[in-house]
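**Q** Mind folding the following:
(chains A, B, C and D)
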Protein chains: 4
Amino acid sequence: MFFASDNAGPAHPQVMQHVMDANAGYAASYGADDLMRGVEAKVREIFEAPEAAVYLVATGTAANALALACHTQPWQTVFCSPVSHIHEDECNAPEFYSSGAKLTLVPGGDKMAPDALRASIEGEESRGVHGPQRGPVSITQVTERGSVHSLEELRALTGIAQEFGLPVHLDGARFANAMVRLGCSAAEMTWKSGVDVVSFGGTKNGCMGVEAVVLFDPAKAWEFELRRKRGAHLFSKHRYLSAQMAGYLEKDLWLETARAANDACTYLTAGLRARGVAFLHEPQANMIFARFPARIHERLHAAGAKYYIWEGTLEGADADEMLAARLVCDWSITREQIDLFLSHFE
Amino acid sequence: MFFASDNAGPAHPQVMQHVMDANAGYAASYGADDLMRGVEAKVREIFEAPEAAVYLVATGTAANALALACHTQPWQTVFCSPVSHIHEDECNAPEFYSSGAKLTLVPGGDKMAPDALRASIEGEESRGVHGPQRGPVSITQVTERGSVHSLEELRALTGIAQEFGLPVHLDGARFANAMVRLGCSAAEMTWKSGVDVVSFGGTKNGCMGVEAVVLFDPAKAWEFELRRKRGAHLFSKHRYLSAQMAGYLEKDLWLETARAANDACTYLTAGLRARGVAFLHEPQANMIFARFPARIHERLHAAGAKYYIWEGTLEGADADEMLAARLVCDWSITREQIDLFLSHFE
Amino acid sequence: MFFASDNAGPAHPQVMQHVMDANAGYAASYGADDLMRGVEAKVREIFEAPEAAVYLVATGTAANALALACHTQPWQTVFCSPVSHIHEDECNAPEFYSSGAKLTLVPGGDKMAPDALRASIEGEESRGVHGPQRGPVSITQVTERGSVHSLEELRALTGIAQEFGLPVHLDGARFANAMVRLGCSAAEMTWKSGVDVVSFGGTKNGCMGVEAVVLFDPAKAWEFELRRKRGAHLFSKHRYLSAQMAGYLEKDLWLETARAANDACTYLTAGLRARGVAFLHEPQANMIFARFPARIHERLHAAGAKYYIWEGTLEGADADEMLAARLVCDWSITREQIDLFLSHFE
Amino acid sequence: MFFASDNAGPAHPQVMQHVMDANAGYAASYGADDLMRGVEAKVREIFEAPEAAVYLVATGTAANALALACHTQPWQTVFCSPVSHIHEDECNAPEFYSSGAKLTLVPGGDKMAPDALRASIEGEESRGVHGPQRGPVSITQVTERGSVHSLEELRALTGIAQEFGLPVHLDGARFANAMVRLGCSAAEMTWKSGVDVVSFGGTKNGCMGVEAVVLFDPAKAWEFELRRKRGAHLFSKHRYLSAQMAGYLEKDLWLETARAANDACTYLTAGLRARGVAFLHEPQANMIFARFPARIHERLHAAGAKYYIWEGTLEGADADEMLAARLVCDWSITREQIDLFLSHFE
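**A** Numbers count the residues shown, from 1 in each chain, chains lettered A, B, ... in the order given. Model prediction:
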């Protein structure tokens, strides 16, 4: 009953098999391995972007920080949600990699509202040289609250960015989960919707640790390579990153694992709803924020269930006190585990 | 015949087995996995340092840059060899991670001479607030030219650092190769010889991508953790780093692979010497710099041998022109491959 | 009729006289001039802080950025008002000087409310190594909206900072204006109220360009000196900074000029109030935010009055549309100018 | 007898008069003052560069660091002399302002030799993404050893830079002293000789504290403005910088003061030579490095002469031990003072 995070689950056997297969003999280092050429071609094909620059790193924070740094001057500010990963969960990595840029938190929830984004952008640069200058807009898809922007919602945000000449970054740590939800293509969810650079996640969705950064305009490619090396994110034995991504993309595994996670979440949601549980946000991908009484939390914890209490504190809570849980389904969670979890609500 | 680099070889099966074994079910993320506890204990045991702080990252540059940043203020300068990896091969990563510190290149070769180090240290801070301030001393063991500092040589350098109150970093990307050569303990080659923090390499010696940073004084432990996260080097699925290191350390595999690499190098050296080849540096670990005629280079290249021409250019060279090669033996190179390589010298 | 800013007024003749007097013969450079010794002693006396470290720089942004950098780690966040100068008007200088720290904007107005500050502080570090860590609290006195914190208000904020072990910075670009308003001592408004480091402004209050940074705990003195030099803010001909500050402090000129500015503002406020003008904030020092019809703005502009339209746009406004103005009185503004300004409201 | 530095002398009365004259009434802040328009026009005229971007800052280190930062990426290295001010006397300011770039010290003396520069440039980037990338070439004119590059020497260096597509920065803290020596125009010594950006010094040559940065290609103008503000070097009461520069340039005062300093130095040199003193470098501007016995140093010190002992230590030296002195003549030094100084050599 592990619902703590999709970064606590195992890698998919197909990914591991590619890694094992890659471990034969010698291979050119630093990304010059043959596997990487295949990965590059495959990513370009998936994104329908034959010119795109494609790079691999091992962590989502690295993908975000490097992608943003290529599009942010130190005197600029990045527009993002107050609950974005780049703001809350990267220990100032975007500020570090951009040499001291700022983040402007667009007021509101996990999804930025177009009006709020516009107001935030207009609010900056009213002070000429004195204030921070306008930098990129960063959108998280799936959001940190489990919501998915529709293509219309994406375009509303990127349209505003374009109006002001600002580049758009998509934090796609759960890219596949969003795509499966929307039933759209990777191109539609990115450059066809006005996205300039995307962090395309693999780690949370069945890999050991690999993320692709896709720059649709290859003009920044060499800068990215230098920033990656200087940030110490260029793997010498790069083949093990390439192999993971190759395994992840082969035969649409990435969509299959995302679908498994989303479906598990839908099943869990339905089960909870049937048991009268209320949700803080409407679940749309593989993440749920649900509120239920402390006594059920107690029971679940005693039974070994793992997840974060999102609001409130279990310790010292009354049995009937309502506490919110964050429940994340990874690709490997089984119906049996979910059923077991739900059984504690009876 | 792959002698280009020890980062082009495969990972050892024992390491891969640990990675496969680690891929079962859920595991706590971000270094809280059970495997890491074992790794920490094992590293402390190996280094006879029960208090040491032990962390894993995936690249040697990350290990060096983070280790140095914890011991360097932005207005300081790091004393190192002009051919050190931190100067030549990290695209300004130490400068980046230290927020703009300088590197002072101690005049001389791959090993810093004590007198030269002392003169360099004394040369700084003659200008009060105007010049850079003295920062850590960084020593590379095995050096980038394949030399190994004896314990006496290490102590001569660290003694000078201590005299000036400067911390000492050891870049041990090829730590095991040096230890095997010296026949000493890990403690002797580090804290017993005045080293404060070590980058303990795994990648080049049989892993996919893992390095440990060992801080003998744990006072900087929390700072290291924050720097690692901010640098985007904290793995969410950390178990795959832990597993590599666990496999690497089990039953002294790390010493076994290093010994294999060093022995292969000794065999290659003897073979070359027997064929009248001269060396730029006396080989002491798993790296050779040897000079031989262009026509033999041609023959080797035609036969598919991989290695770097270190001095000179093959293209357009006369048949008898002497060109230097860098030849690196990784743990997996076979006698057959070496014999085949040598056969081209006949 | 110049009400645009107190940084547009002239320097006081007494300050200029000291500068002229200082321009005789040779003087030791980089702060070793004799004048600086007198300034240091005088500042310590004024602040009743015989141990304090005292340094001069030429801009308020330098004072703030250097003072904060000495108390902020790159992975921390500075707690401040959303309308603070350090956030809105320094083009990311605090982020630059701190090597990439974040600013947390405490929700609310120009003065941080204690509850809001506490909530903001508690909100950070709930995420362990993942989120930014808690850094200093920065308070602006006089605020950017012309308000003055009472000593009780200051202590309420610094008390919370102390509770969490966080240092407190006071941006005192208009330090004297606040002191005059409160009728308290410099010590009472700083270290006796829990402030650790203060930017003590001179520029806006009668100098050409000089600010003192006063560190009540001298432990950071050397770090400050290195940061000042590295930031290129150490003057070689430092005597001209010393002389300004010496002239500024002599015979309480600094309080006299602040009183003149505040009194002018009180006079202007009374005049506006008598003419039925409403204020966005209750004026407490030398700055007013007042709302009056576009036709009066037109009249004032035609007559050459200088000030910023704070809310709304004059161009295209209806004659009766209410637009807010920011009006700042510097030490040199005359009653005649104010009367002239007011005459346009008839 | 003050020969310690040209930054210890007073400002010229004409400069001070302009500052006093500027201190009347209100003036637009942050560089929008009327005086600055005149300064900009005058600098463009002097440099025969009607398009050049012209900015003022208060310190030479700020001028250098900001000028370089506009032309250096964080992953690049700046080519400079090992005795350059940017390397030895700026406490890592260039590294700070460039977000962590490196400085490559071209082996040799105060003037870079063309061959050495070429070899240094060729030495970098042999390692692709691994090593630092080539950045600007920075030339110091007058050098820190009192030498002046001829136009031919300048062009030899800038020609190499151009060959590699690298921008050229000129540190002209003593720009006027060099120009007077060469008898050339400002344009000839800069853009006509391949210089892209110049730090045009005023402080050492008769001002209180002002330096102009002249960017011959205005494409970087806005970036410079943002970097200046973010570096906290934009003066609010900018008129006092403008006034200094206006006074400095009026009626060729800058050339007059430089000529006075150079002439004084020539007179001092001749006097010393007549007394058998040897020089470490042939004096060419306003700085001398001369060697004479300890007993004369003793005598001079007893008589109150101020200068730096450049080589050796006076304390404990034998009477006949030869110690080198650095002697700098500022614009205000008198023949009487020099004669008095020389009298101690009898």
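
**Q** okay, now residue A:34: neighbour count?
**A** Using other CB atoms under 10 Å in any protein chain shown, residue A:34 has 12 other residues around it. Using the backbone N, CA and C atoms, a C-beta is placed for each residue, glycine as well.

**Q** And for it, nearest residue in space, chain neighbours not counted?
**A** residue A:27 (7.2 Å; CB to CB, 6 or more residues apart in numbering or on different chains).

**Q** if I pick the one you found, what's in contact with it?
**A** Residue A:27 sits next to A:33-35, A:237, A:239, B:8 when contact means CB atoms under 8 Å, 6 or more residues apart in numbering or on different chains.

**Q** hey, where'd the helices end up in chain A?
**A** A:13-22, A:34-46, A:60-69, A:85-88, A:93-97, A:114-123, A:151-163, A:175-182, A:221-230, A:239-249, A:253-274, A:294-302, A:335-343 (DSSP state H).

**Q** Mind putting those into TSV with mean pLDDT?
**A** Listed next are the helices of chain A as TSV, based on pLDDT from 0 to 100:
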stretch	mean pLDDT
helix A:13-22	98
helix A:34-46	98
helix A:60-69	98
helix A:85-88	98
helix A:93-97	98
helix A:114-123	96
helix A:151-163	98
helix A:175-182	98
helix A:221-230	98
helix A:239-249	98
helix A:253-274	97
helix A:294-302	96
helix A:335-343	97
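
**Q** And the ones you listed: which comes nearest residue B:306?
**A** helix A:34-46 (13.8 Å; CB to CB).

**Q** give me the number of residues near the closest residue to chain D within chain A?
**A** At 3.9 Å from chain D, residue A:99 is the closest residue in chain A, using CB to the nearest CB. Residue A:99 has 23 neighbouring residues, counting by other CB under 10 Å.

**Q** So it sits against residue D:98, correct?
**A** No: using CB atoms under 8 Å, residue A:99 is not in contact with residue D:98, being 9.1 Å away.

**Q** Now the common contact residues for those two.
**A** residue D:74.

**Q** Next, the contact list for residue A:311, please.
**A** A:280, A:291, A:323-324.

**Q** ugh, wrong one, I meant residue A:303
**A** Contacts of residue A:303 by CB under 8 Å, 6+ apart are A:1, A:340, A:344.

**Q** any bit of stretch A:196-207 sitting next to chain C?
**A** No: with CB under 8 Å from any CB of the partner chain as the criterion, chain C is not reached by stretch A:196-207; the gap is at least 14.9 Å.

**Q** start to end distance for that stretch?
**A** One end of stretch A:196-207 sits 25 Å from the other (CA to CA, to the nearest Å).

**Q** Look up phi and psi at residue A:303.
**A** Per-residue torsions, residue A:303: phi -80, psi 0 (degrees, to the nearest 10).

**Q** Look at it and report its pLDDT.
**A** Residue A:303 is assigned a predicted lDDT (pLDDT) of 95.

**Q** Please convert the helices of chain A to TSV, extending it with distance to residue C:295.
**A** TSV is the format used below for the helices of chain A (distance: least, CB to CB, whole Å):
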stretch	distance to residue C:295
helix A:13-22	72
helix A:34-46	62
helix A:60-69	48
helix A:85-88	45
helix A:93-97	47
helix A:114-123	27
helix A:151-163	34
helix A:175-182	54
helix A:221-230	53
helix A:239-249	67
helix A:253-274	61
helix A:294-302	64
helix A:335-343	69
